[in-house]
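Peer 1: missing the sequence, but the structure's below:
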């Protein structure tokens, strides 16, 4: 966890992740066979599944790419960014075949993707065993963006605990994750045109990543900025101060553990 990448390194890795080919009809890449339906291919082991640009980019960005328009950077004053990673992933990778590791990640990510729709979280991408999502960026969620991420975090820990590391060997147990999130300003943009990625820039990304890397097994770690928002948006949530802790590249920060409210009636969200 102490070797968690910086925001700049995350940008580089995100641009390499998952997307194999993007073919908007107006990109003028000299290929007359470019699809007019603006599809991209996401690698899925033995087969490629066609997805719309709208499955990967926010609607306004997808429309701009589809129509060949220049995508301009977008500033967002306050978003909440989620990160998770798998505890012990290095050992898992060393003791399972690459195919089994891929299978585990696929089963886990599919559950996270379903939850992202349930909680209305925009999935930014996956980086190895890490999963990244954001709220209050694609649409106005100013009244509950931190709450959405908190609920998504609780859901993610629950479904990870239901996901076998190895479906052929239950003795390996289930996936354990650590979670962290932070709220603040970002700039979002599409960088390049080949293997294009919708990328987030700013110290908020780095700080959110640090919240995850300094979290613990099956726990949710958040910054003071996110905790203050949760006190307004989700007063039922249990927040436990960790006091001032050293955060790599940030110095000392006041952070919090977030745990599920005692009552389950607070988990509903507006559409």
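Peer 2: Nice, I can see it. Keep in mind the model is a prediction, meaning the values are calculated, not measured.
Peer 1: Parallel or antiparallel, list what pairs with the strand or helix carrying residue 79.
Peer 2: In this assignment (DSSP states H and E), residue 79 forms part of strand 74-86. Strand 74-86 sits in its sheet next to strand 130-135 (antiparallel), strand 177-191 (antiparallel), going by DSSP bridges.
Peer 1: Redo these as JSON lines? Include mean neighbour count, mean pLDDT and distance to residue 123.
Peer 2: Placement of C-beta: from N, CA and C, glycine included. Below are the strands paired with strand 74-86 laid out as JSON lines (neighbours: other C-beta atoms under 10 Å; pLDDT from 0 to 100; distance: least, C-beta to C-beta, whole Å):
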{"stretch": "strand 130-135", "mean neighbour count": "25", "mean pLDDT": "97", "distance to residue 123": "5"}
{"stretch": "strand 177-191", "mean neighbour count": "22", "mean pLDDT": "94", "distance to residue 123": "13"}
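Peer 1: coming back round to it: tell me the first helix or strand C-terminal of the strand holding residue 79.
Peer 2: Taking DSSP H and E, what comes next after strand 74-86 is helix 89-95.
Peer 1: Tell me what angle the helix or strand containing residue 210 forms with strand 177-191.
Peer 2: Using DSSP H and E, residue 210 sits in helix 203-213. Going by axes from the mean of the first three to the mean of the last three C-alpha atoms, to 10 degrees, helix 203-213 is angled at 160 degrees with respect to strand 177-191.
Peer 1: what's the next helix or strand after helix 203-213 packed up against?
Peer 2: Counting by DSSP H and E, the element after helix 203-213 in chain order, helix or strand, is strand 220-223. Applying 3 or more C-beta pairs under 8 Å, 6 or more residues apart in numbering; DSSP states H and E, one finds that strand 220-223 contacts helix 145-160, strand 177-191, helix 203-213, strand 251-259.
Peer 1: Hmm, residue 243 is touching residue 253, no?
Peer 2: No: at 9.9 Å, residue 243 does not count as touching residue 253 under the criterion of C-beta atoms under 8 Å.
Peer 1: With neighbour numbers in mind, choose between those two.
Peer 2: The neighbour comparison of residue 243 against residue 253 (other C-beta atoms under 10 Å) goes to residue 253, with 19 against 9.
Peer 1: isn't that one right up against residue 247?
Peer 2: Yes: shown here, residue 253 and residue 247 form a contact pair, counting by C-beta under 8 Å, at 4.7 Å.
Peer 1: buried ones in the helix holding residue 210?
Peer 2: For helix 203-213, the buried set under the neighbour-count rule, 16 or more other C-beta atoms under 10 Å, comprises 204-213.
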